[in-house]
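1. Build me a model from this:
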Amino acid sequence: QQDEDKTVKVTADKEKSEHYTKVRTFLSQSGADYMLKTQINPVYYDLFKTAIGAAGAVVGFMINPLAAILLFFAGFKLPDLTLKASNKADNKAIMGDIKAVYDTLNIKSQAGVFFSTSLPECYKSVENGRLKAALYKLNTDIKLKGDIVAAINDFQQKFKSDYIDMFCVIILQALESGQTVQIMNDMSKQLVNIRKAVEEEKKSKLERDVITVQLLIYIAMIGVILFYLTSIIGGLSSIV
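-> I've put the predicted structure just below:
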């Protein structure tokens, strides 16, 4: 019996540890840590989600028990969905900055400048606040600790982005092989893909803006027509 209890306890502790690590990774990669300027404790995050769910349940009870259950789960999931949407928006915003970072490293590597020396220039070339903060931390870690590989891995954990992952893999390959110039030259295909993605995103944004303006114009026209018809009907009613 004692062995079984011990096994159950070890399994529960392992699952708890895995959940803690999974939530901690999610909070870092989704940008939650950046938003609050601190490393969020997963336990507090779970409590916050539960509180949001409980608030939804209280509102739901005013309708019926089923609504309470549905609103609890909706409220519980709301923080996760919000962070995922925010991270998706950040990934779109940093595509142009990633291209600028690649261009800077490529130019510097062609000139024979070492990677760690080029990074400050990369920091200056980006505009997105989240990426800028991560690059600043990357620069600081390399200067203070001298472990470029560990610093790159920590930098990668601050994002959930295919472009960031690709950037980190390329840098680590360059450091491992010592063929920085060759690898930077070989990344032309990735740069083309990034440029294409940036242009497609700009095009999509422009199309969305045009549709939004058109909808606003249509709504305004409908409003004017309704106001005009209401005025006419009101005038006819007064005559009658």
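
2. And the helices in this structure, which stretches?
-> According to DSSP state H, the chain carries its helices in the segments 2-29, 32-36, 42-61, 65-110, 115-125, 129-145, 148-156, 162-177, 180-186, 188-239.

3. Compile the ones you listed into a markdown table and extend it with columns for mean neighbour count.
-> Glycine gets a C-beta too; all of them are placed from N, C-alpha and C. Formatted as a markdown table, these follow (neighbours: other C-beta atoms under 10 Å):
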| stretch | mean neighbour count |
| --- | --- |
| helix 2-29 | 12 |
| helix 32-36 | 16 |
| helix 42-61 | 15 |
| helix 65-110 | 17 |
| helix 115-125 | 17 |
| helix 129-145 | 16 |
| helix 148-156 | 17 |
| helix 162-177 | 16 |
| helix 180-186 | 16 |
| helix 188-239 | 11 |
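
4. possible to save the ones you listed as JSON lines with mean pLDDT?
-> Listed next are the helices of the chain as JSON lines, based on pLDDT from 0 to 100:
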{"stretch": "helix 2-29", "mean pLDDT": "72"}
{"stretch": "helix 32-36", "mean pLDDT": "93"}
{"stretch": "helix 42-61", "mean pLDDT": "93"}
{"stretch": "helix 65-110", "mean pLDDT": "86"}
{"stretch": "helix 115-125", "mean pLDDT": "78"}
{"stretch": "helix 129-145", "mean pLDDT": "90"}
{"stretch": "helix 148-156", "mean pLDDT": "90"}
{"stretch": "helix 162-177", "mean pLDDT": "80"}
{"stretch": "helix 180-186", "mean pLDDT": "64"}
{"stretch": "helix 188-239", "mean pLDDT": "73"}
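
5. nearest spatial neighbour of the spatially most central residue of the chain, skipping sequence neighbours?
-> By C-alpha atoms, centre = their mean, the chain has its centre lying nearest to N87, at 1.5 Å. Nearest-residue entry for N87: S30, 4.6 Å, with adjacent residues in sequence omitted and distances by C-beta to C-beta, 6 or more residues apart in numbering.

6. mind listing what the one you found touches?
-> Neighbouring residues of S30 by C-beta atoms under 8 Å, 6 or more residues apart in numbering: L83, K84, S86, N87, K160.

7. Now for those residues: which two are most distant?
-> Largest separation among these by C-beta to C-beta: S86 and K160, giving 11.1 Å.

8. A32 versus the nearest residue to D154 once chain neighbours are set aside, what's the distance?
-> Leaving out its chain neighbours, the residue that sits closest to D154 by C-beta to C-beta, 6+ apart is D141, at 6.5 Å. Taking C-beta to C-beta, to the nearest Å as the measure, D141 falls 20 Å from A32.

9. Also K143?
-> 26 Å.

10. what does G112 give?
-> Noted for G112: a distance of 40 Å to A32, by C-beta to C-beta.

11. repeat for A68
-> For A68 relative to A32 (C-beta to C-beta), the value is 27 Å.

12. P65 too?
-> Where A32 is concerned, P65 sits at a distance of 32 Å (C-beta to C-beta).

13. ok, now G96?
-> Taking C-beta to C-beta, one finds G96 at 23 Å from A32.

14. likewise L78?
-> 13 Å.

15. picking up where we left off before, the residue nearest to the centre of the chain is in contact with Y34, isn't it?
-> No: counting by C-beta atoms under 8 Å, N87 does not reach Y34; the two are 10.1 Å apart.

16. Can you tell me how far the closest residue to D97 other than its chain neighbours is from T25?
-> Leaving aside its sequence neighbours, D97 sits nearest to V126 (C-beta to C-beta, 6+ apart; 4.0 Å). Noted for V126: a distance of 23 Å to T25, by C-beta to C-beta.
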